[in-house]
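Enquirer: Need the 3D shape of this:
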Amino acid sequence: MLVEHSNTPKMPVKCSVENCSYNQKRMCHADEIEVSAMGDGKARTCDGTCCATFENKMEM
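Expert: Numbers count the residues shown, from 1 in each chain. As a prediction, this is how the structure comes out:
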């Protein structure tokens, strides 16, 4: 499955996840982003959050 990405991000979101299909030059190019809390649903630090938009480009 080929994922098409826009040429420029709608909102500048930095991304350091090298194997995410939306990461282009360390910027997220997803049409929308969903950030979720891990565990009990209440994040206390950034480590308690995760990007639910992530798509592994290595598995595509």
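Enquirer: drop to CA atoms for contacts and neighbour counts, all remaining ones
Expert: Noted.
Enquirer: count of residues packed around the residue nearest to Asn56 when sequence neighbours are not counted?
Expert: The shortest distance from Asn56 to any non-neighbouring residue, by CA to CA, 6 or more residues apart in numbering, is to Cys20 (4.9 Å). Other residues within reach of Cys20, judged by other CA atoms under 10 Å, total 18.
Enquirer: Equivalent analysis for the one 3 residues further on, please.
Expert: Applying the criterion other CA under 10 Å, we find 21 residues in the vicinity of Asn23.
Enquirer: likewise Met58?
Expert: Neighbour count of Met58, defined by other CA under 10 Å: 8.
Enquirer: re the thing from before, which residues are in contact with the residue nearest to Asn56?
Expert: By CA atoms under 8 Å, 6 or more residues apart in numbering, Cys20 lies in contact with Phe54, Glu55, Asn56, Lys57.
Enquirer: pLDDT value on the residue of the chain most remote from its centre, please?
Expert: Within the chain, Asp40 marks the point farthest from the mean C-alpha position, 21.0 Å out by CA atoms, centre = their mean. Looking at Asp40, its pLDDT is 88.
Enquirer: Which of the three states applies to Asp47?
Expert: helix (DSSP: H, G, I helix; E, B strand; the rest coil).
Enquirer: where does the protein have low pLDDT?
Expert: For the chain, the stretches with pLDDT under 70 are 1-10, 59-60.
Enquirer: What residues sit buried inside the one helix or strand Ser36 maps to?
Expert: Using DSSP states H and E, the element containing Ser36 is strand 35-37. Within strand 35-37, the residues that count as buried by 16 or more other CA atoms under 10 Å are Ala37.
Enquirer: Likewise for stretch 49-60?
Expert: Burial within stretch 49-60, assessed by neighbour count using 16+ other CA under 10 Å, is assigned to Thr49, Thr53, Phe54, Glu55.
Enquirer: OK, contacts around the second one?
Expert: When you say that, I think you mean Thr53. So Thr53 contacts Ala30, Glu32, Ile33, Glu34, Val35 (CA under 8 Å, 6+ apart).
Enquirer: please redo it, this time with the cut-off set to 10 Å
Expert: Residues in contact with Thr53 (CA atoms under 10 Å, 6 or more residues apart in numbering) are Cys20, Ser21, Tyr22, Cys28, Ala30, Asp31, Glu32, Ile33, Glu34, Val35, Ser36.
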